[in-house]
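Q: turn this into a structure:
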Amino acid sequence: MRLPLSDPRTIAREIPGLFDALFPQLAQGVVAGLNRRAVSLDDCVEVPQDLVDATKIQRAMLFEVAVAAAEQLIEGSQAVDWGGCLLTAVARQREHFDAKLPEALSAVEKEVSLKVAENLVAILRHVRLSSGGWDLVRAPAIPGYQWVASGVGDFSVGSALIEVKCTNKRFSASDYRQILTYWLLSYCAALESGAVEWTFGFLVNPRLNLIVRFSFDEIISVVAAGKSKIDLVELFSSLLEDRAVINSA
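A: Numbering: from 1, shown residues only. So this is what the prediction gives:
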């Protein structure tokens, strides 16, 4: 029996035990410490919870609509094409879920989406300038490894990977686990083929106006219980091979 390929986002979300072995010290206290680094931009405003509560469509869909709107604004659009945003959002959601197209966006859903989109545009511009002015890339490639399929991230600037979350909470252990998964896959590819290794990570939440920046070398030194990056690759490879054997039995 061949083990089905799984995208990196699914691996990080559905096999937490695997990453508990890789990053055993990614505990609540460490996550809280990282979150205390969060900064906010003066020209962004947190989106009020009562406004979000007034929306009807699924939160994940609302977030995808906001990201699509932000992309239009980044590309220079003077007005948001909400119909186009809906189509883009549904296409992206269907990559992971059985998404259905809402008939239309209400006025409050457009208002929330636009506020989030404008915040995201400002945050991405800030990250770009603070990272040396490299071009902003949408959906940067995340390489596959063994039975883990390739995937895409949210944004990148040079060797900095940017992941966007849009919840009413600060970043969680699973958020850090996801971006660490993407780094680990990039490092595996760097060793195998000389591909670019992500060196910095950004978690951003345009709904709450939060930005956390960190060096992957720094966070790994904290959460990997003394393992070197090479040690992590060897352990990762072994864990994937073991799971492949279990699933093929």
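
Q: could I get the contacting residues of Leu185?
A: Shown here is Leu185, whose contacts under the criterion Cβ atoms under 8 Å, 6 or more residues apart in numbering are 8, 142-145, 148. C-beta here means a position set from N, CA and C on the backbone, and glycine is covered the same way.

Q: measure it to Ala21 for me?
A: Separation of Leu185 from Ala21 (Cβ to Cβ, to the nearest Å) stands at 16 Å.

Q: Gly83 now?
A: The separation that Gly83 has from Ala21, given Cβ to Cβ, amounts to 46 Å.

Q: more crowded one of those two?
A: Between Gly83 and Ala21, counted using other Cβ atoms under 10 Å, the more crowded position is Ala21 (13 against 10).

Q: how near is the more buried one to Leu51?
A: Between Ala21 and Leu51 the distance, using Cβ to Cβ, works out to 41 Å.

Q: so how many other residues sit close to the nearest residue to Val152 once chain neighbours are set aside?
A: Nearest residue to Val152, sequence neighbours excluded (Cβ to Cβ, 6 or more residues apart in numbering): Ala139, at 4.1 Å. In terms of burial, Ala139 registers 13 neighbours under the definition other Cβ under 10 Å.

Q: confirm that Val108 sits in a strand.
A: No - counting by DSSP: H, G, I helix; E, B strand; the rest coil, Val108 is located in no strand; its state is helix.

Q: check contacts around Ala195.
A: With contact set as Cβ under 8 Å, 6+ apart, Ala195 has these partners: 143, 186, 189.

Q: tell me the contacts of the first one?
A: It refers to Pro143. Contact analysis of Pro143 by Cβ under 8 Å, 6+ apart lists 150, 185-186, 188-189, 195.

Q: give me the element the residue nearest the centre of the chain is part of.
A: Against the mean C-alpha coordinate of the chain, by Cα atoms, centre = their mean, the closest residue is Glu163 at 3.1 Å. Assigned by DSSP states H and E, Glu163 belongs to strand 160-164.
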